[in-house]
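Asks: generate a structure from the sequence data that follows.
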Amino acid sequence: MERTMRLAKRTNELLILIRTGRAMTLRERLQLTVRLSIPAIIAQLSSIFMQYIDASMVGHLGAEASASIGLVSTTTWLFWGLCAAVTSGFSVQVAHRIGAGDLAGARAVVRQSMTATLLFSLLLAAVGAAISGPLPAWLGGDPSIRRDASLYFCIFSLFLPALQMNFLAGGMLRCSGNMHIPSIMGVAMCALDVVFNFFLIFPTREWDLAGLTLTVPGAGLGVCGAALGTAAAEVVAAAALLRYLWTRSETLRLSGERGSFRPRPETLKRAFRIGFPMCMEHAVICGAQIMTTVIVAPLGVFSIAANSFAVTAESLCYMPGYGIAEAATTLVGQSIGAGRLKLTRSFARITVLTGMGIMGVMGVLMYLFAPQIIGLMTPVEEIRQLGVMALRIEAFAEPMFAASIVAYGVFVGAADTMVPCLMNFFSIWAVRLSLAAWLAPTLGLKGVWIAMCVELCFRGVIFLVRLAGKRWLKRR
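Replies: Reported below is the predicted structural model:
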């Protein structure tokens, strides 16, 4: 912990250089990018490890249990993305105020965001619970998996307020430059997920250990236990992050201060201008993923499960990109708040190139170790073969996928979200879905993943073209 505090102190010293207008050497810019990116990458990886753990544990219950989670996974990502987008609408404002040296204004936005995002998540939870019953049928799921799919999504929806507070507290700490605490809590949440799932998914059973027979208790809740285990881990993490934000954050600590938690119209207006296009962007992507599920569903239970496992496994490859994107949002947001546009462009280039390099290496590793990655998630040979095929196709798209992910983080930091949303909409719906619908009837699941690979490469190109221009800087 002492080492973590020293690293955080050095990171804060570098961030102060942005706010005070002092010149930064290339080494200092690279050092700051790395210091912010590594904890953010760890946090992102821990998040996807939770999904990987759920999928792996449930995978040992059989193909139908795996397919039930896979069927609704795209819809859970949609709701997850909406919560994240609403958080960004406020956290970007906080980053800009911190960059401008207005710490009191930053804390005021934090207070207002707590009320606004909590109300939003309660509304979203009610919607999710209401549609959880008919959702599997809407997605074309086999009747044998609909009950478990409905239960999983209902539990996920009911705990959305905890997930929202988790996102909010972690997002506010990250935009202030504190990447370490959200990273530590992300790892802790992953560990708690393993423990809770271990006791909730499986029934009471006996283990032979060094000649001794041990009785291991278990609730035997199956798919329902996986949802409850993840939800419980999220509740614990949200409580810890909120407590740290409230009492210990050097920049955003709220304890001992008076201020209104009632959202002000101008704050909500700015949050809407930033967050609404992001909500639309998540809806566009997840809507396309849902349509992909509809395309995959007629291919059978094995294809549904393999598609879900491959998406989860690929996340291990692209989550570093999202971690670097979070660092890019913080760096660009504070640089713009400080009025340093040349420094803003420098950080944009550094973070995008870093993301492309790291995800390129991850793509090579994913191609080489695809059999082992999928093999950990399911013992069913038919599912394993399809999953390996999907991962090896997708490996070729990772560098350009990184370009689109990190560039999007840059644009978010600049509060330029509408045009990137439209770019994502065109790329996914005009390129990916059209190709998938055309190729799936003849190539099956392979055609769906070829379409995804082509589209991700195209998306990376158009994001790099926009990043090379100057219009995104003028949107601030």
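
Asks: could you report the neighbour count for residue 250?
Replies: Residue 250: 12 surrounding residues under other Cβ atoms under 10 Å. Using the backbone N, CA and C atoms, a C-beta is placed for each residue, glycine as well.

Asks: now do the same contact list for the residue nearest to it when sequence neighbours are not counted.
Replies: Of all residues not flanking residue 250 in the chain, residue 12 sits nearest, at 7.3 Å (Cβ to Cβ, 6 or more residues apart in numbering). Taking Cβ atoms under 8 Å, 6 or more residues apart in numbering as the contact definition, residue 12 lies against 177, 178, 250.

Asks: in TSV: the residues you listed, plus pLDDT.
Replies: Formatted as TSV, the contacts of residue 12 follow (pLDDT from 0 to 100):
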residue	pLDDT
177	84
178	86
250	84
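
Asks: would you turn these into a markdown table with distance to residue 454?
Replies: Shown next, in a markdown table, are these (distance: Cβ to Cβ, whole Å):
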| residue | distance to residue 454 |
| --- | --- |
| 177 | 38 |
| 178 | 39 |
| 250 | 46 |
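
Asks: enumerate every residue touching the residue lying closest to residue 179 once chain neighbours are set aside.
Replies: Counting by Cβ to Cβ, 6+ apart, residue 39 is the residue found nearest to residue 179 once chain neighbours are left out, at 3.5 Å. By Cβ under 8 Å, 6+ apart, residue 39 lies in contact with 179, 180, 182, 183, 323.

Asks: of those residues, which belong to helices?
Replies: Of those, the ones assigned to helices by DSSP state H are 180, 182, 183, 323.

Asks: contacts only, for the second one.
Replies: Yep, that's residue 182 we're talking about. Taking Cβ under 8 Å, 6+ apart, one finds 39, 40, 43, 169, 170, 173, 174, 241 in contact with residue 182.

Asks: residue ranges for the strands of the stretch 101-250 of the chain, please.
Replies: For the stretch 101-250 of the chain, the strands defined by DSSP state E, counting those that start in this stretch occupy 203-209, 212-219.

Asks: which one of those strands lies nearest to residue 369?
Replies: strand 203-209 (28.8 Å; Cβ to Cβ).

Asks: separation between the closest residue to residue 445 other than its chain neighbours and residue 297?
Replies: Once flanking residues are discounted, residue 445 sits nearest to residue 303: 4.7 Å by Cβ to Cβ, 6+ apart. Separation of residue 303 from residue 297 (Cβ to Cβ, to the nearest Å) stands at 8 Å.

Asks: those two - which one has more neighbours?
Replies: More crowded of residue 303 and residue 297, by other Cβ under 10 Å: residue 303, with 23 against 19.

Asks: gap between the more buried one and residue 377?
Replies: In this view, residue 303 and residue 377 are 15 Å apart by Cβ to Cβ.

Asks: what does residue 129 give?
Replies: For residue 129 relative to residue 377 (Cβ to Cβ), the value is 28 Å.

Asks: which of those two has more neighbours?
Replies: residue 377 (27 against 16).

Asks: wait, isn't that one in contact with residue 391?
Replies: No - Residue 377 lies out of contact with residue 391 (Cβ atoms under 8 Å); the separation is 11.1 Å.

Asks: what sits in contact with each of the two?
Replies: residue 313.

Asks: tell me the confidence at residue 173?
Replies: Note for residue 173: predicted pLDDT of 92.

Asks: OK, contacts around residue 387?
Replies: Here residue 387 is in contact with 306, 309, 310, 313, 370, 374, 377, 378 (criterion: Cβ under 8 Å, 6+ apart).

Asks: from the chain's centre, how far out does whichever strand or helix holds it sit?
Replies: Residue 387 is part of helix 381-394, with elements assigned from DSSP states H and E. Here helix 381-394 is found 23 Å from its chain centre; the criterion is Cα atoms, centre = their mean, to the nearest Å.

Asks: okay, buried residues for that helix please.
Replies: 383, 384, 386, 387, 388, 389, 390, 391, 392, 393, 394 (16 or more other Cβ atoms under 10 Å).

Asks: wait, the second one sits on residue 374?
Replies: I take that to be residue 384. Yes - if you go by Cβ under 8 Å, residue 384 and residue 374 touch, sitting 5.1 Å apart.

Asks: overlap of the contact sets of those two?
Replies: Shared contacts of residue 384 and residue 374, defined by Cβ under 8 Å, 6+ apart, are found at residue 306.

Asks: tell me how far residue 67 lies from residue 378.
Replies: Per Cβ to Cβ, residue 67 is found 11 Å from residue 378.

Asks: dump the residue contacts of residue 78.
Replies: Residues near residue 78 by Cβ under 8 Å, 6+ apart: 282, 283, 286, 287, 289, 290.

Asks: among the residues you listed, name the ones in helices.
Replies: The helices, defined by DSSP H, take in 282, 283, 286, 287, 289, 290 from the contacts of residue 78.

Asks: how many residues are close by the fourth one?
Replies: Summarising burial for residue 287: neighbours were counted as other Cβ under 10 Å, giving 18.

Asks: show me the contacts for it.
Replies: Residue 287 touches residue 78, counting by Cβ under 8 Å, 6+ apart.

Asks: relative to residue 299, how far out is it?
Replies: Taking Cβ to Cβ, one finds residue 287 at 20 Å from residue 299.

Asks: the host helix or strand of residue 449: how far from the chain's middle?
Replies: Taking DSSP H and E as the definition, one finds residue 449 inside helix 445-468. In terms of Cα atoms, centre = their mean, the gap separating the centre of helix 445-468 from the centre of its chain is 19 Å.

Asks: and the helix or strand just after it, what does it pack onto?
Replies: Following helix 445-468 in sequence order, the next helix or strand is helix 471-474 (DSSP H and E). Judged by 3 or more Cβ pairs under 8 Å, 6 or more residues apart in numbering; DSSP states H and E, the packing partners of helix 471-474 are helix 341-368.

Asks: just the buried positions in stretch 329-339, please.
Replies: Neighbour counts over stretch 329-339 (16+ other Cβ under 10 Å) mark 329, 330, 331, 332, 333, 334, 335, 336, 337, 338 as buried.

Asks: give me the pLDDT for the second one.
Replies: Reading off the per-residue confidence, residue 330 sits at a pLDDT of 88.

Asks: what packs against the helix holding residue 449?
Replies: Where contact means 3+ Cβ pairs under 8 Å, 6+ apart, helix 445-468 is packed against helix 265-296, helix 301-337, helix 341-368, helix 381-394, helix 398-413, helix 418-425, helix 433-443.

Asks: any chance of JSON lines for the ones you listed, columns distance to residue 209?
Replies: Formatted as JSON lines, these follow (distance: least, Cβ to Cβ, whole Å):
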{"stretch": "helix 265-296", "distance to residue 209": "41"}
{"stretch": "helix 301-337", "distance to residue 209": "30"}
{"stretch": "helix 341-368", "distance to residue 209": "33"}
{"stretch": "helix 381-394", "distance to residue 209": "29"}
{"stretch": "helix 398-413", "distance to residue 209": "41"}
{"stretch": "helix 418-425", "distance to residue 209": "51"}
{"stretch": "helix 433-443", "distance to residue 209": "47"}
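
Asks: so for residue 35, which of these sits nearest?
Replies: Nearest of these (Cβ to Cβ): helix 301-337, 8.5 Å.

Asks: ok, which of the helices and strands packed on helix 445-468 comes nearest residue 147?
Replies: Closest approach to residue 147 among the helices and strands packed on helix 445-468 (Cβ to Cβ): helix 301-337, 14.8 Å.

Asks: angle of that closest one against helix 433-443?
Replies: Relative orientation of helix 301-337 and helix 433-443, computed by axes from the mean of the first three to the mean of the last three Cα atoms, to 10 degrees: 160 degrees.

Asks: cool, thanks, signing off.
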